[in-house]
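> Test case, fold it:
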Amino acid sequence: MKNLLPLSLLLLTLPVQAERLADGLADALTDDLAACSAVEAPAARLACYDRLAERHAPAGALPETAEAELAARPATAPRVRAPNFSDPVIHAAPHTSPLQARWELTADADRGTFGLRPHRQNYAMVKFTSRGNDQPFNPLLELAPGPEQGLDKHEVKFQLSFKTKLLGNVLGTGSNLWMGYTQQSNWQIFNGSVSRPFRETNYEPELMWVAPLQLSLGELKLRYASLGYVHQSNGRSDPLSRSWDRLFAEVGAEYGNLAVWFRPWWRIPESSERDDNPDIQKYIGRGELVGVLRHDDHVYSLKLRNNFDRKHNRGSIHADWSFPLAGELRGYVRLFSGYGESMIDYNWRQTSLGLGIILTDRL
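I've put the predicted structure just below:
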């Protein structure tokens, strides 16, 4: 009887011990499943589930062929193939970065053709300038209507900018053909003495071919390259006309939360009889560099333009900050210093500060 008592106690506790063991195995399985579900790449996630099934399956539960296949599987998950846009079925795309999404360069970012998307910033603000350009048609003053315009140093400035995709996956390369349009207006809304005119409106249509890049320079990821044509004018006739046409190249890259793109351009020459601003590239510049940093809900950007002339160096600095106000409405602060804030001011140096709202930012 003395020997039977410990045996009886052991038999009585077996169900409890089995239940605890089952609970422990269930908890471990739950943790493993959660770890696999957190893997973003589809192929890597599937490999994780396969290894988990092999670990928890009882001996002999899998067919011999399946066991051999699992044994031959590499310890690390295979790399996910980049989406091939020429495939009839688009495979799951990798993580899409802000620049890739902006130009719809991955399968999951593709929104088709002929829909309207934001292009550059869309904003409205009150602008204050350090030097009002009261003689905006210099050196054509002898042809302009009066030497003084009676303009205020503060006005409302707004910009509308959108683009549409004309062609997607051009020649099976994953590249896209876009058309963009930007309109920027400077409105003397507070200047009742001269009937509150629109002092200047600039019109800027563009045609852009944008191709994806898959290159890295350390942590710097090259995302796209672009070629295009842009026309910009103030829509006036001589002698008040301002216009130029350019061909440009552009390359965009990302470094963590920082996105940058560089656009040099070449002005298409005009005859001396037709050219109403022959020296415009000496002031506005021959290229620009843009950087955009996102931090939480704040967006900071900087645009630098330069004429690349060491002896007579000119250009501009354009700094922005946007921040949330209410819902989708965002506040906007902009500082500009240099030449070419608008085409009528291309050879006029000034510093201006703008305060307002922005609907869509650079990214």
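> Parallel or antiparallel, which strands does the one helix or strand R263 maps to pair with?
Taking DSSP states H and E as the definition, one finds R263 inside strand 258-267. Here strand 258-267 is paired, per DSSP bridges, with strand 243-255 (antiparallel), strand 287-295 (antiparallel).
> For that strand, buried residues please.
Across strand 258-267, burial judged by 16 or more other Cβ atoms under 10 Å covers A259, V260, W261, R263, P264, W265. All C-beta atoms are positioned from the backbone trio N, CA, C, and that covers glycine.
> Stretch 162-173 now?
Buried residues in stretch 162-173, counting neighbours by 16+ other Cβ under 10 Å, are found at F162, K163, K165, G168.
> What pairs with the helix or strand where the first one lies, parallel or antiparallel?
Taking DSSP H and E as the definition, F162 sits inside strand 154-167. When sheet partners are counted by DSSP bridges, strand 154-167 sits next to strand 116-118 (antiparallel), strand 122-129 (antiparallel), strand 176-187 (antiparallel).
> thinking again about what came up before, please pull up the helix or strand immediately following the strand holding R263.
With elements assigned by DSSP H and E, the helix or strand that comes after strand 258-267 is helix 280-283.
> got the CA positions of that following helix in PDB?
Taking C-alpha atoms only, helix 280-283 is exported to PDB below (Å, rounded to 0.1, in the frame of the first residue of the first chain):
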ATOM      1  CA  ILE A 280      17.000  84.800 -67.800                       C
ATOM      2  CA  GLN A 281      19.200  81.800 -67.100                       C
ATOM      3  CA  LYS A 282      21.900  84.100 -65.700                       C
ATOM      4  CA  TYR A 283      19.500  85.000 -62.900                       C
END
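> What is that helix packed up against?
For helix 280-283, the packing partners by 3 or more Cβ pairs under 8 Å, 6 or more residues apart in numbering; DSSP states H and E come out as none at all, with no helix or strand in contact.
> now, which of the buried residues of strand 258-267 sits nearest A225?
Looking at the buried residues of strand 258-267 and their distance to A225, the nearest is W261, at 10.0 Å (Cβ to Cβ).
> Might you report the residue contacts of the spatially closest residue to the closest one that is not a sequence neighbour?
Leaving out its chain neighbours, the residue that sits closest to W261 by Cβ to Cβ, 6 or more residues apart in numbering is G252, at 3.9 Å. G252 is in contact with L99, W103, L222, R223, Y224, A225, S226, A259, V260, W261, counting by Cβ atoms under 8 Å, 6 or more residues apart in numbering.
> The closest residue to the second one other than its chain neighbours: what's it in contact with?
The shortest distance from W103 to any non-neighbouring residue, by Cβ to Cβ, 6+ apart, is to V210 (4.7 Å). Contact analysis of V210 by Cβ under 8 Å, 6+ apart lists W103, L105, S175, N176, L177, W178, Y224, A225, S226.
> Tell me the spacing between R236 and L353.
Shown here: R236 relative to L353, a distance of 27 Å by Cβ to Cβ, to the nearest Å.
> Please disregard the earlier target; I meant G338.
Using Cβ to Cβ, G338 is found at 14 Å from L353.
> okay, the two: which has more neighbours?
When G338 and L353 are compared on other Cβ atoms under 10 Å, the one with more neighbours turns out to be G338, at 20 against 16.
> Would you mind confirming that that one makes contact with S316?
Yes. Using Cβ atoms under 8 Å, G338 and S316 qualify as a contacting pair, with a distance of 2.8 Å.
> Residues that sit against both of these two, list them.
Here G338 and S316 have R305 as joint contacts, going by Cβ under 8 Å, 6+ apart.
> Check the secondary structure at the residue nearest to W103 for me.
Under DSSP: H, G, I helix; E, B strand; the rest coil, the three-state class of V210 is strand.
> Looking at the contacts of V210, spot the one nearest T360.
The nearest one, if we look at these relative to T360 and count by Cβ to Cβ, is W103, at 15.0 Å.
> For the closest one, which residues are in contact?
Taking Cβ under 8 Å, 6+ apart as the criterion, W103 is in contact with N176, W178, V210, Y224, S226, G252.
> what about 10 Å?
Listed by Cβ atoms under 10 Å, 6 or more residues apart in numbering, the contact set of W103 reads 109, 117, 163, 165, 175-176, 178, 208, 210-212, 223-224, 226, 252.
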